[in-house]
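Undergrad: I need the structure of the sequence given here:
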Amino acid sequence: MFVDVIQWRFGNEITLIAEINVTADRITVYDDVLDGRFRDTLKLDNQTGFLTITDITDEQTGDYVLEVNGVEQKTFNVHISESVESVFVLEGNSVTLNSNFAVVIRWRFGNTLIAEINKQDDRFTVYDDVLDGRFRDRLKLDNQTGSLTITNITTEHDGVYKQETNFWTTEFFLAVFIEISVKEGDSVTLNSDITEMKRYGWIRWRFGNKKTLIAVINKRVDRFTVNNDVLDGRFRDRLNLDNQTGSLTITNITTEHAGVYKIKMMVSDSFSFKGFRVSVYAHLPVPVISRDYLSSSCSLVCSAVNVSHVTLSWYKGNRLLSSISASNLNISLSLPLEVEYQDKNTYSCVINNPVINQTQHLNITQLCHTCSDCCGPTEAVIRLVLSALVGVATVILLVYDIRSRRAEQHQAHIHTSET
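TA: Residues are numbered from 1 along each chain as shown. The predicted structure is shown next:
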């Protein structure tokens, strides 16, 4: 078969990235397509048509299609086998770093030995007093598998763990999630902790369980990209990427932006990872204090409607009296309190979440005045009935009095006539 044109295409959109035109004696690489992710990384052999991708990153992973004279010949699926496995965990939780079977296994944190197994000598040891005791009572070594569990994790345990055997070394990067709470409508910055990115450094920000790529920096090809339109455009016009440090700012944040953010970085020729769990809280209403007039005592109720992830509390001065919490979405909360009519203490009802609180102070004089000043519905009915009875009795007496006088006048008139 006479070969006239060889073309290489990439990705779901089958983007042309390189071609050889034998007739025109032309070799071309289109390394500026797809936001420049292939810039200075493609090499096309003019003799064989082989395509080489240098300095590959996960942006270049996917399907590569070879076409000859316009006909698809072969598809290559390229993926990266990570040399470092990233493990993300919440502070206070536990994590297990899995091991492959081996007779001798050594676990290191950085370069410090923290645990080892020698099955031949039947020796299993954890060195939890090293590094100022940060691992004390936190390491568990599985005698059968060699897996290492770290319990009650803190940010002190963040870093690179190495599993060494006589034949191979496996690295894990353990990243402890940084918890951030923010009010709806505010801005939040997720810091990379990089002062300034180096010439060949790169950063990728991902969001959510599906690890959606939302921002990229590739210094080597001078590429700075924010993917505003992913996930139905929820990040549109809200992402600001610092070109020097790689830190990411989300502006005018809403509950749609709550979740997990992960950053993978190439810094000083080694991988690094960070994770953030962002919680977004809606604005809270001021709680309402009302009185239950059906009760004979001064019974009060503090309430709030359409709230979630909040705590509603009664305070006497600075002392907590009672509280109730809710994690469900958009529910109503109410909390009762009974006080004495002549109570001189200060009471307040507070609704709060981790970033907002609203307080309503109790005005005892207004809500808990005695029944000499006013009365409740039951007493009002009783008074109304008594007033009606008194009115009826008054009318009866008045009618009786009028009839009595008329009778007396009639008797007097008859007596006068007889005389």
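
Undergrad: Any idea what residue 300 is bridged to?
TA: Beta-bridge partners recorded for residue 300 (DSSP bridges): residue 291, residue 337.

Undergrad: Quick one: residues contacting it.
TA: Counting by CB atoms under 8 Å, 6 or more residues apart in numbering, residue 300 touches 289-292, 336-339, 362, 367-368. From N, CA and C alone the C-beta is placed, and that goes for glycine too.

Undergrad: In CSV, list those along with pLDDT, neighbour count and distance to residue 188.
TA: Compiled in CSV, those are given as follows (pLDDT from 0 to 100; neighbours: other CB atoms under 10 Å; distance: CB to CB, whole Å):
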residue, pLDDT, neighbour count, distance to residue 188
289, 91, 21, 34
290, 90, 12, 37
291, 85, 15, 41
292, 75, 13, 42
336, 91, 13, 37
337, 89, 17, 37
338, 87, 12, 42
339, 84, 18, 41
362, 89, 22, 35
367, 80, 13, 40
368, 79, 20, 44
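
Undergrad: Strands of the stretch 201-350 of the chain, start to end?
TA: 202-207, 212-218, 223-226, 239-241, 248-250, 259-267, 270-281, 288-292, 298-307, 310-316, 319-326, 331-339, 347-352 (DSSP state E, counting those that start in this stretch).

Undergrad: cool, and the stretch 1-150 of the chain?
TA: Going by DSSP E, counting those that start in this stretch, the stretch 1-150 of the chain shows strands at 5-10, 15-21, 26-29, 42-44, 51-53, 62-68, 71-78, 84-89, 95-97, 104-109, 112-118, 123-126, 139-141, 148-150.

Undergrad: now the ones you listed in TSV, with distance to residue 165, mean pLDDT and mean neighbour count?
TA: Listed next are the strands of the stretch 1-150 of the chain as TSV, based on distance: least, CB to CB, whole Å; pLDDT from 0 to 100; neighbours: other CB atoms under 10 Å:
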stretch	distance to residue 165	mean pLDDT	mean neighbour count
strand 5-10	38	90	21
strand 15-21	40	90	18
strand 26-29	42	90	14
strand 42-44	36	88	16
strand 51-53	32	89	15
strand 62-68	33	89	16
strand 71-78	29	86	10
strand 84-89	16	84	16
strand 95-97	14	93	17
strand 104-109	6	92	20
strand 112-118	10	92	19
strand 123-126	15	90	14
strand 139-141	14	92	17
strand 148-150	13	94	20
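
Undergrad: Pipe those into JSON lines and attach distance to residue 318 per row.
TA: Shown next, in JSON lines, are the strands of the stretch 1-150 of the chain (distance: least, CB to CB, whole Å):
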{"stretch": "strand 5-10", "distance to residue 318": "65"}
{"stretch": "strand 15-21", "distance to residue 318": "65"}
{"stretch": "strand 26-29", "distance to residue 318": "71"}
{"stretch": "strand 42-44", "distance to residue 318": "68"}
{"stretch": "strand 51-53", "distance to residue 318": "65"}
{"stretch": "strand 62-68", "distance to residue 318": "60"}
{"stretch": "strand 71-78", "distance to residue 318": "63"}
{"stretch": "strand 84-89", "distance to residue 318": "37"}
{"stretch": "strand 95-97", "distance to residue 318": "40"}
{"stretch": "strand 104-109", "distance to residue 318": "44"}
{"stretch": "strand 112-118", "distance to residue 318": "45"}
{"stretch": "strand 123-126", "distance to residue 318": "46"}
{"stretch": "strand 139-141", "distance to residue 318": "42"}
{"stretch": "strand 148-150", "distance to residue 318": "39"}
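
Undergrad: Can you say which of those is nearest to residue 250?
TA: Of all those, strand 84-89 sits nearest to residue 250, with 19.0 Å by CB to CB.

Undergrad: nearest to residue 157, of the strands of the stretch 201-350 of the chain?
TA: Short answer: strand 270-281, nearest of the strands of the stretch 201-350 of the chain by CB to CB, at 13.5 Å.

Undergrad: Next, the angle strand 259-267 makes with that closest one.
TA: In terms of direction (axes from the mean of the first three to the mean of the last three CA atoms, to 10 degrees), strand 270-281 departs from strand 259-267 by 160 degrees.

Undergrad: Need the CA coordinates for strand 270-281. CSV is fine.
TA: Extracted as CSV, the C-alpha positions of strand 270-281 are listed here (Å, rounded to 0.1, in the frame of the first residue of the first chain):
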residue,chain,number,x,y,z
SER,A,270,8.8,15.5,43.2
PHE,A,271,5.1,15.1,43.5
SER,A,272,3.1,16.7,46.3
PHE,A,273,-0.6,16.7,47.2
LYS,A,274,-3.0,18.7,49.3
GLY,A,275,-6.7,18.2,50.1
PHE,A,276,-9.4,20.6,51.3
ARG,A,277,-12.9,19.9,52.5
VAL,A,278,-15.0,23.1,52.1
SER,A,279,-18.2,23.5,54.0
VAL,A,280,-20.6,26.4,52.9
TYR,A,281,-23.2,27.7,55.3
